[in-house]
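> Let's see this in three dimensions:
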Amino acid sequence: MIHNIYRGDAEVYETLSSLAINFDYHEHPPVPTVEEASKYWEGIDSAHCKNLFFRNHKGNKHYLVIFDYSQTLNIKDLEQRLKQGKLSFASPKRMMKYLGLEPGSVSPFGLIHDTENHVHLFIDRNLQKAKRISFHPNLNTASLIIPFQGFIKYLNHVGNSFEFMELY
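Numbers count the residues shown, from 1 in each chain. Below you'll find the predicted structure:
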C-alpha cells in the first residue's frame with residue numbers, strides 16, 4: 001500500500017497512482033507557511049507554490065489561488081478583476097468543509113474532498129513555464145513534486161473549474 005510509506009492524505013497518493021502521475025516525496029518538519037517550508041527546498045528542482053484559500057463577500061463562492069511562493073499577491077487587484085466584492089481568507093471551518101484541510105496545509109490536493117466542485121482555482125500564468133511543481137500532500141510535514149502536466153491531469157480529474165491568469 002503506497003500510502004503507508006508516505007505521510008499525508010492516502011487519497012492523494014491513491015489518486016496520483018491511479019492517474020499514473022509520478023512524484024518525488026520530501027519529508028520535513030511541520031511548516032505552516034511557505035516561507036518556513038522554503039528552508040527545506042534546497043536542491044529540489046521545482047516551482048514551489050503558495051496556496052491561498054479565499055471566500056467572497058457573500059461567502060457563497062470560494063477560491064484557491066496558486067502562485068509562486070516568491071511572488072506577492074495584490075488581493076485588491078484580484079477583487080477588482082473578479083467583481084465579487086471584498087475577498088477574505090476562508091475560515092478553518094470553511095477550509096475543512098470544502099477542502100478537508102487544516103490551516104497550514106492548504107494544497108490543490110485538497111480538491112479531492114470537494115466532491116461538488118465548489119472551489120474555483122486561479123493559477124498564476126507564470127507557473128505554466130514550470131516543468132515541475134510542488135505542494136503539500138494535505139499535510140504540512142511533506143512536499144510532493146509532480147510534473148506540471150501531471151498537475152493539469154490531476155485538475156482535470158478532480159473536475160474543479162480553473163483558469164490561468166496573471167497574478168501580481
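> So which bits of the helix or strand bottoming out on mean pLDDT in the chain are buried?
Here the helix or strand of the chain ranked lowest by mean pLDDT, DSSP states H and E is helix 34-37, holding a mean of 82. Using 16 or more other C-beta atoms under 10 Å as the test for burial, helix 34-37 gives 34, 37. Where C-beta positions appear, they are placed from N, C-alpha and C, glycine not excepted.
> Same check on stretch 69-89?
For stretch 69-89, by 16+ other C-beta under 10 Å, it's 69, 73, 78, 79, 82, 84, 87.
> Help me confirm that the second one comes into contact with residue 67.
Yes - applying C-beta atoms under 8 Å as the test, residue 73 and residue 67 come out as touching, 6.2 Å apart.
> elements contacting the top strand by length along the chain?
Taking DSSP state E as the criterion, the chain has its longest strand at strand 47-55. Contacts defined by 3 or more C-beta pairs under 8 Å, 6 or more residues apart in numbering; DSSP states H and E place strand 47-55 against helix 34-37, strand 62-68, strand 88-89, helix 92-99, strand 132-135.
> what about 6 Å?
Other elements packing on strand 47-55 under the criterion 3 or more C-beta pairs under 6 Å, 6 or more residues apart in numbering; DSSP states H and E are strand 62-68.
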